[in-house]
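Enquirer: Below are the sequence and a predicted model; questions follow.
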Amino acid sequence: MKQTLPTFAQVKAQYADQYIPYQTRLGTQEWKIKRDAMVERDEEECTKCGCRPTDNVWLGGKMHYLLYVPYDPNEVVEINGFTYTGKELGYEIHQLNAAVVLHVHHLYYITSKNPWEYENDALVTLCSDCHSEVHRTEIIPVYKVENGQRERITGVTCSRCSGAGYFPQYKSVENGVCFQCRGSRYTNLTL
């Protein structure tokens, strides 16, 4: 059964006047709509490594992660003594050890904006591995807006989550939000 995401208005009502963690904002309908549009724009693949999301299939008591890779239409492939063109086959199937999940990464953050309020060119589709790598190895700029001008804020990246803001493997506990930065990805900074 498909779960319906809350709207931001519903989340605001739930939190009253309290700070709404960034990770919670990413769980709204507004972000899902923006995220899906960006993934579609980027042709449903990681813009850094080119991988595509996997299908998950439960088979023989084990989860299998299947990746469908388009054949080159002009390629000639021999399978069991028969010759096929890539156009006839369409896709080849690769089995992976883990699922490939696509995220939408913000190239910068503005403290007064919600995740879905950014211009499209500030967002890029990355697989979960590339997304984690970017947050581990790059400093994502954070800005505040004063008098219509962006001013860069120097924040300290959270040492516990390396600036990711959450731990996907602990999604069952408070949706995986980092306990140190509470999902803001920086210490002493709220988005």
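Expert: Yep, that arrived.

Enquirer: wait, what's in contact with Gln23?
Expert: For Gln23, the contacting residues are 165-166, 175-177, 183, by CB atoms under 8 Å, 6 or more residues apart in numbering. (C-beta placed from N, C-alpha, C; glycine too.)

Enquirer: Let's see that with 7 Å instead.
Expert: Neighbouring residues of Gln23 by CB atoms under 7 Å, 6 or more residues apart in numbering: 165-166, 175, 177, 183.

Enquirer: quick one, domains of this protein?
Expert: In terms of domains, the chain is parsed into 8-50+103-187, 55-96 (source: automatic domain parsing).

Enquirer: quick one, which of those domains is packed in tightest?
Expert: Among the domains of the chain, domain 8-50+103-187 has the highest mean neighbour count (mean count of other CB atoms under 10 Å), at a mean of 16.

Enquirer: Strands along the protein, start to end?
Expert: 55-59, 62-70, 76-79, 82-85, 91-96, 102-106, 109-110, 123-127, 142-146, 149-153, 156-157, 186-187 (DSSP state E).

Enquirer: so what's the nearest residue to Asn97 once chain neighbours are set aside bridging to?
Expert: Among residues not flanking Asn97 along the chain, Tyr65 sits closest, at 7.2 Å (CB to CB, 6 or more residues apart in numbering). Tyr65 forms beta bridges with Asn56, Leu96, as assigned by DSSP bridges.

Enquirer: Go through the domains of the chain and find the least confident stretch.
Expert: When the domains of the chain are ranked by mean pLDDT, domain 55-96 comes last with a mean of 73.

Enquirer: Give me the distance between Arg35 and Cys181.
Expert: As judged by CB to CB, to the nearest Å, Arg35 and Cys181 stand 21 Å apart.

Enquirer: make that Thr85, sorry
Expert: Applying CB to CB to Thr85 and Cys181 gives a distance of 52 Å.

Enquirer: First-to-last residue distance for stretch 59-78?
Expert: Counting by CA to CA, to the nearest Å, you get 27 Å between the two ends of stretch 59-78.

Enquirer: okay, which residue is most central for the chain?
Expert: Centroid-nearest residue in the chain: His103, 1.5 Å away (criterion: CA atoms, centre = their mean).

Enquirer: Run through the bridge partners of it.
Expert: Leu126.

Enquirer: and of the strands of the chain, who's closest to Lys48?
Expert: Closest approach to Lys48 among the strands of the chain is made by strand 123-127 (5.6 Å; CB to CB).

Enquirer: In the protein, spot the helix with the most residues.
Expert: Taking DSSP state H as the criterion, the chain has its longest helix at helix 29-41.

Enquirer: what's the spacing between it and its chain's center?
Expert: Distance of helix 29-41 from the chain centroid (CA atoms, centre = their mean, to the nearest Å) equals 10 Å.

Enquirer: Identify the residues contacting it?
Expert: Counting by CB under 7 Å, 6+ apart, 5-8, 25, 102, 104, 115-116, 120, 123, 125 sit against helix 29-41.

Enquirer: Which single one of those is nearest to Val77?
Expert: Leu102 (27.7 Å).
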